[in-house]
Every structure is written in structure tokens, then in C-alpha cells.
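Enquirer: Let's see this in three dimensions:
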Amino acid sequence: MKKLFAGIVIGCSLTLSTTVFAQMVKEYKLVEATYPVLMNGANYSNEEWPILNYDGTTYIPLKELAEGLQAKVRWNEELKRVEVRGEQSNQAFVIHEIDGDNGSYTITGEARVFEGVFQYAISDGHDYLLTDHLQLEAGAPEWAPFTIKVSLPQSKLPGNGTLMLEIYEESAKDDSRMNELFVPLQSFR
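Expert: Residues are numbered from 1 along each chain as shown. Below is the predicted model of the structure:
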């Protein structure tokens with residue numbers, strides 16, 4: 001009788017744990033999309049990574065989509081996350097890459113600015129945490145590469161908000177800002 005009771009208890013335990021595990025797994029039925037998707041005017045087509053549709057929503061592999069839109073995709077091993085960043089630019093600045101987090105950032109890009117000088121600032125949306133300038137090897141009309149390295153103490157980082165890089169030229173006439181480019185560095189929540 002004890003063996004029968006033990007068997008029933010074990011059987012019930014296995015049945016309940018299987019039910020709980022099955023509830024944690026979600027299944028979706030995706031079908032290959034039969035309609036075209038254009039990215040920057042070009043038709044997306046990839047047999048290895050096809051366009052899929054689920055309940056009227058289109059799914060394209062993230063890396064394929066980002067690269068099709070000239071964005072960069074990378075796996076951040078330290079933070080265990082995927083990071084996607086599009087190129088940000090205006091007539092005077094092009095940001096190629098922003099790397100880092102938690103107050104330590106490296107920004108690389110190119111600038112085409114008068115006399116090869118531009119200013120930058122880091123703000124938290126309320127206050128300026130850092131302001132500086134950079135002298136490039138060439139001035140407009142040439143494009144010159146630049147690297148900005150930023151290191152902010154943890155005490156200056158916002159508890160809730162976004163750190164922004166403001167990059168700009170100052171007018172030779174009246175020191176007003178020209179060709180401003182606002183680039184988010186990191187959001188904190």
C-alpha cells in the first residue's frame with residue numbers, strides 16, 4: 001500500500017510540474033510573408049533569413065533590418081544585450097560609433113567645421129555636466145576624423161533621464177551655436 005501511495009504522489013508531482021512547465025513555453029505560428037518589404041528603397045530578400053508574418057505583424061531578423069538601414073548591431077557581452085545604433089549626422093558632423101556606458105563613453109565620427117574647431121557638451125536634460133572643444137587636423141570643406149572620450153563620475157549620472165551629447169560649431173560673428181547635433185548617449189531608469 002505504501003508503494004502505491006508513493007507512486008500516486010510521484011505521478012501527481014510529475015503531472016503538475018509538466019503542466020507548469022508547459023504553461024511557461026509559448027508557441028507562435030509564423031508564416032513566410034508573400035509581400036515585398038523595401039528598406040531604403042531596396043527590396044529585402046534573403047532565403048536564409050526570410051520575412052515572417054504572425055497575426056498581421058511583419059518580422060525581419062534584427063541584424064538584417066538594421067544593416068539594411070545602415071545601422072550597426074552588436075552584442076554587448078558584458079551587459080548581455082543587443083545594441084542597435086543608427087548613424088547620426090547633419091551637414092557638419094557624422095557620428096560613426098558610440099561605445100561605453102555608465103559615464104564612460106568613446107564617440108568617434110567626422111566633422112567638417114570652420115577652422116577645424118568644434119564644441120561639445122554633455123547634459124542630463126537639466127544641467128551641463130561637461131563642456132569642451134576639439135581641434136581637428138583639417139577644417140572645412142574637408143572632413144576630419146575625431147574621437148571624444150568622456151568620463152563622468154557616477155555621482156553626476158542621472159537617476160532617471162538621458163545623457164545627451166550636444167556637438168556644435170560656434171559662429172565667428174556672434175558665438176551662437178550652429179550645426180547642432182543632439183546625440184543620446186545613455187538612458188537611465
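Enquirer: So which bits of the longest strand seen in the chain are buried?
Expert: Determined from DSSP state E, the single longest strand within the chain is strand 177-188. Residues 178-179, 181, 183, 185-186 are the ones in strand 177-188 that count as buried (16 or more other C-beta atoms under 10 Å). C-beta here means a position set from N, CA and C on the backbone, and glycine is covered the same way.
Enquirer: Specify which member of the residues you listed is nearest to residue 81.
Expert: Of all those, residue 81 sits closest to residue 186, with 12.3 Å by C-beta to C-beta.
Enquirer: Leaving out chain neighbours, which residue sits closest to that closest one?
Expert: What sits nearest to residue 186 in space, not counting adjacent residues and going by C-beta to C-beta, 6 or more residues apart in numbering, is residue 163, at 5.1 Å.
Enquirer: from memory the one you found sits against residue 157, does it?
Expert: Yes. Applying C-beta atoms under 8 Å, one finds residue 163 in contact with residue 157, separated by 7.2 Å.
Enquirer: What helix or strand is residue 66 located in?
Expert: Secondary structure from DSSP states H and E places residue 66 in helix 62-68.
Enquirer: pLDDT weak spots in this protein?
Expert: In the predicted model of the chain, residues 1-23, 70 satisfy pLDDT under 70.
Enquirer: one more time with 50
Expert: In the predicted model of the chain, no residue satisfies pLDDT under 50.
Enquirer: And the helices in it?
Expert: Secondary structure of the chain (DSSP state H): helices at 2-24, 62-68.
Enquirer: just to revisit the earlier point, identify, from the buried residues of strand 177-188, the entry nearest to residue 136.
Expert: residue 179 (13.9 Å).
Enquirer: For the closest one, which non-adjacent residue is closest in space?
Expert: Excluding its sequence neighbours, the residue lying closest to residue 179 (C-beta to C-beta, 6+ apart) is residue 92, at 3.7 Å.
Enquirer: Could you check how far the one you found is from residue 136?
Expert: Distance, residue 92 to residue 136, by C-beta to C-beta, to the nearest Å: 11 Å.
Enquirer: And residue 32, by the same measure?
Expert: 49 Å.
Enquirer: These two - which one has more neighbours?
Expert: Applying other C-beta atoms under 10 Å to residue 32 and residue 136 shows that residue 136 carries more neighbours, namely 19 against 8.
Enquirer: Tell me who's in contact with that one.
Expert: When contacts are counted by C-beta atoms under 8 Å, 6 or more residues apart in numbering, residue 136 is found next to 111, 113, 116-118, 144-146.
Enquirer: got it, and residue 162?
Expert: 124-125, 184-188.
Enquirer: try 10 Å
Expert: Shown in contact with residue 162 (C-beta atoms under 10 Å, 6 or more residues apart in numbering): 123-125, 184-189.
Enquirer: do residue 55 as well
Expert: Applying C-beta under 10 Å, 6+ apart to residue 55 gives the contacts 28-31.
Enquirer: any idea which of the residues you listed has the most stuff around it?
Expert: Greatest neighbour count in these, by other C-beta under 10 Å, goes to residue 30: 12 neighbours.
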